[in-house]
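In: fold the following and give me the result.
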Amino acid sequence: MSTDVAYPVFRTSDRDLALRVARQMVAFGAQPWSQVSVEAEVPTVSEVKRLRDALPESWFMCWNMDAPVVAPPGIPDLTCAAPARELPDDLAGAEAYLPLTVSMLDQPLGSVEDHFAAVIGPHQAGIHWSSLSWPEAPERDLYGEEKHAEVTLLLNCDSRELDAPADTHLVLVHVRRCNGDGYEDRFAQWLAERIGQKVVGPPQPT
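Out: Numbers count the residues shown, from 1 in each chain. I've put the predicted structure just below:
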């Protein structure tokens with residue numbers, strides 16, 4: 001079973017610029033079947049309500065193993081993914097499930113990125129493009145890649161796990177993890193160069 005490794009290729013405090021650079025990398029490998037997923041950590045009930053209304057097609061879920069087994073009256077079981085439209089206005093008792101993750105998975109390219117980035121505010125979030133295709137570069141001894149051809153934009157954080165807050169945004173390009181002989185480094189650097197960028201930090205494994 002193969003895995004990926006993600007290399008940071010651009011960092012900025014400008015959210016719009018970060019999204020633009022990420023899309024440049026996506027465009028280099030986009031296919032008709034490519035998809036995008038978004039997710040964010042939501043720390044407060046008031047923000048759950050705001051994002052419920054701003055992202056009505058999203059889903060909310062608690063990943064806290066200590067969350068209540070039985071949901072309070074009127075609150076859906078948030079230990080399973082619950083549609084935003086099913087969250088009531090009265091979220092009394094939902095504090096026990098915080099933080100919640102809000103997500104929209106496997107959407108068409110271009111359908112959710114702009115709005116999600118605009119409404120997510122200061123929360124740690126990610127936009128992840130998958131099912132891309134990286135071409136081969138025989139002159140650099142690089143093979144093509146499809147399974148692990150992906151791009152991630154981290155908003156307000158430095159970690160793919162959304163657990164490292166930052167005041168900047170980070171674009172990551174994904175490649176297949178090989179045998180650690182430098183192939184991954186060379187492939188990531190070559191991809192970054194396609195959009196006028198370079199690797200700017202250590203890779204992040206799966």
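In: name whatever forms a beta bridge with the residue nearest the centre of the chain.
Out: Residue closest to the mean C-alpha point of the chain, counted by CA atoms, centre = their mean, is Gly126 at 2.8 Å. Here Gly126 sits in beta bridges with Glu39, Leu154, as judged by DSSP bridges.
In: that one and Leu170: what is the separation?
Out: According to CB to CB, to the nearest Å, Gly126 stands 10 Å off from Leu170. Every residue, glycine included, has its C-beta placed from N, CA and C.
In: swap in Leu191?
Out: Separation of Leu191 from Leu170 (CB to CB): 15 Å.
In: cool, and Ala22?
Out: Distance of Ala22 to Leu170, computed by CB to CB: 9 Å.
In: which neighbours do the two share?
Out: By CB atoms under 8 Å, 6 or more residues apart in numbering, Ala22 and Leu170 have these common neighbours: 10, 153.
In: check which residues of the lengthiest helix in the chain are buried.
Out: Taking DSSP state H as the assignment, the helix of the chain that covers the most residues is helix 15-29. Across helix 15-29, burial judged by 16 or more other CB atoms under 10 Å covers 15, 18-19, 21-26, 28-29.
In: got it, and stretch 102-119?
Out: Buried residues in stretch 102-119, counted by 16+ other CB under 10 Å: 102-104, 109, 112-113, 116-117.
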